[in-house]
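1. compute the structure for the input listed below.
(one chain, ligands or ions: 1)
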Amino acid sequence: MKIFRRSRLRRRRRPLVRLALFVAIVFALPTVLIISGQPKDEDRINSVINQRDVLEDPVIDFREVSAKDSEAEEPSEQNPEPDPEPEEPEQTPEQAAKTGEIIYLTFDDGPSPYTANLLDILKKYGIKATFFVTGAGDESLITREYNEGHAIGLHTMTHRYDLVYSSPEAFFAELDAVQARVKNATGKTTNLVRFPGGSSNTISRRYDHGTHIMSYLAQETTNRGLVYFDWNVDSNDAGTAKTAGEVYTNVVTTLKPGESVVLQHDNRDFSVAAVESIIQYGLEHGYTFAKLDAGSFTAHHGVAN
Ligand SMILES: [Zn+2]
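-> Residues are numbered from 1 along each chain as shown. Have a look, this model is predicted:
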């Protein structure tokens, strides 16, 4: 009975339901389609754009990275952790510690028959040195030293202690004479000086008649606008060293943590023979080679007479 009553009710409501359904279909459905359809289309468009971005990005990246790589090996934005300086990892810690340290090769008492060979070695490595010249040797070698970019300094004309340290007048006459030689060879004067025996020499006491000439000369050279240089690395090629091996060892084992002014003599063949090995050692250990100028480290010993 209950079933019968329900079916009758359904039958009575059916026209209303049909009407409601019709209204719903006619008015509501297009609205639903419009509302739901628009975002779907946008999503689809966005999705297409996104896919294109994803596809295009690696292509752009590749082209940018490869172009940069071929040009300058600069780190790209797409590579957040680029390799730093490519050379650095190849340096040993010892080399890195020495970076920025300078060796000034200086050669006294020339020119000599060995000077041309020395200039060839320096040229081979593109290294500039300093020559404290005298009246010895072929003057054209001073010209060559200058033309090849080396610094020229004065070391007196005769280098005879009994003459140069006999009086201040004698010393400056010696200096003027070698200056004239440098001017003749190079067309230029120089204000670089090295005292025979260095500023700390005491041999001058033998010849200066008790005048403490080195104290005077050290001050007077400065008064005359000259700059005198000593050294802080002695190859000892004018002393106990008699072979290239000894010169090499004396130099490389006493290089300073900073600036090294190395004393050698280009009128000693075994000392010149050590220069290439010294250069190779310096380059392999990260040193820079330079010539002296008036503003360079002077390595003054301190006057002792
Ligand atoms: Zn000398």
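2. not counting sequence-adjacent ones, nearest residue to the closest residue to the ion within the stretch 1-150 of the chain?
-> For the stretch 1-150 of the chain, the residue closest to the ion is residue 108, as judged by Cβ to the ion, at 4.0 Å. C-beta here means a position set from N, CA and C on the backbone, and glycine is covered the same way. In this structure, residue 108 finds its nearest non-sequential neighbour in residue 132, 4.6 Å apart by Cβ to Cβ, 6 or more residues apart in numbering.
3. shaky segments in the stretch 151-300 of the chain?
-> For the stretch 151-300 of the chain, no stretch is flagged by pLDDT under 70.
4. quick one, helices of it?
-> For the stretch 151-300 of the chain, helices defined by DSSP state H, counting those that start in this stretch occupy the ranges 161-164, 168-186, 213-223, 244-252, 269-273, 275-284.
5. shouldn't the residue of the stretch 1-150 of the chain closest to the ion be in contact with residue 261?
-> No. Checked against Cβ atoms under 8 Å, the pair residue 108 and residue 261 is beyond contact range at 11.6 Å.
6. can you pull the contacts of the residue nearest to residue 186 when sequence neighbours are not counted?
-> What sits nearest to residue 186 in space, not counting adjacent residues and going by Cβ to Cβ, 6+ apart, is residue 146, at 4.0 Å. Taking Cβ atoms under 8 Å, 6 or more residues apart in numbering as the criterion, residue 146 is in contact with 152, 185-186, 188.
7. now, which of these sits nearest the ion?
-> Nearest member of the contacts of residue 146 to the ion, counting by Cβ to the ion, is residue 152, at 14.6 Å.
8. identify the farthest-apart pair in the contacts of residue 146.
-> Using Cβ to Cβ, those reach their maximum pairwise distance at 185 and 188, which is 9.1 Å.
9. more neighbours: which of the two?
-> The residue with more neighbours, out of residue 185 and residue 188, is residue 185; 21 against 9, by other Cβ atoms under 10 Å.
10. what about the residue nearest to the more buried one when sequence neighbours are not counted, which SS state?
-> Closest residue to residue 185 apart from its sequence neighbours, by Cβ to Cβ, 6+ apart: residue 142 at 3.9 Å. Here residue 142 is recorded as helix under DSSP: H, G, I helix; E, B strand; the rest coil.
11. and residue 142, how far from residue 157?
-> Distance, residue 142 to residue 157, by Cβ to Cβ, to the nearest Å: 13 Å.
12. kindly report the same for residue 182.
-> 11 Å.
13. and residue 251, by the same measure?
-> 28 Å.
14. name the residues of the stretch 101-250 of the chain found near the ion, please.
-> With Cβ under 5 Å from the ion as the criterion, the stretch 101-250 of the chain meets the ion at residues 108-109, 196.
15. tell me who's in contact with the closest residue to the ion within the stretch 151-300 of the chain.
-> Among all residues of the stretch 151-300 of the chain, residue 196 sits closest to the ion, at 4.7 Å; criterion: Cβ to the ion. Taking Cβ under 8 Å, 6+ apart as the criterion, residue 196 is in contact with 155-156, 159, 161, 164-165.
16. same deal with residue 212?
-> So residue 212 contacts residue 305 (Cβ under 8 Å, 6+ apart).
17. ok, for residue 204, nearest residue in space, not its chain neighbours?
-> residue 165 (3.8 Å).
18. right, and the helices of the stretch 151-300 of the chain - which one's nearest residue 103?
-> Nearest to residue 103, of these and by Cβ to Cβ, is helix 275-284 at 5.1 Å.
19. now that closest one: buried residues?
-> 275-279, 282 (16 or more other Cβ atoms under 10 Å).
20. with stretch 109-125 instead?
-> 109-112, 114-116, 118-119, 121-122.
21. could I get the contacts of residue 196 as CSV with neighbour count?
-> Converted to CSV, the contacts of residue 196 look like this (neighbours: other Cβ atoms under 10 Å):
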residue, neighbour count
155, 26
156, 26
159, 19
161, 17
164, 25
165, 28
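22. going by distance to residue 266, which of these wins?
-> Nearest to residue 266 among these: residue 155, at 11.2 Å, using Cβ to Cβ.
23. and the residue nearest to the closest one when sequence neighbours are not counted, which of the three is it?
-> Closest residue to residue 155 apart from its sequence neighbours, by Cβ to Cβ, 6+ apart: residue 132 at 3.8 Å. In three-state terms, and counting by three-state DSSP, residue 132 is strand.
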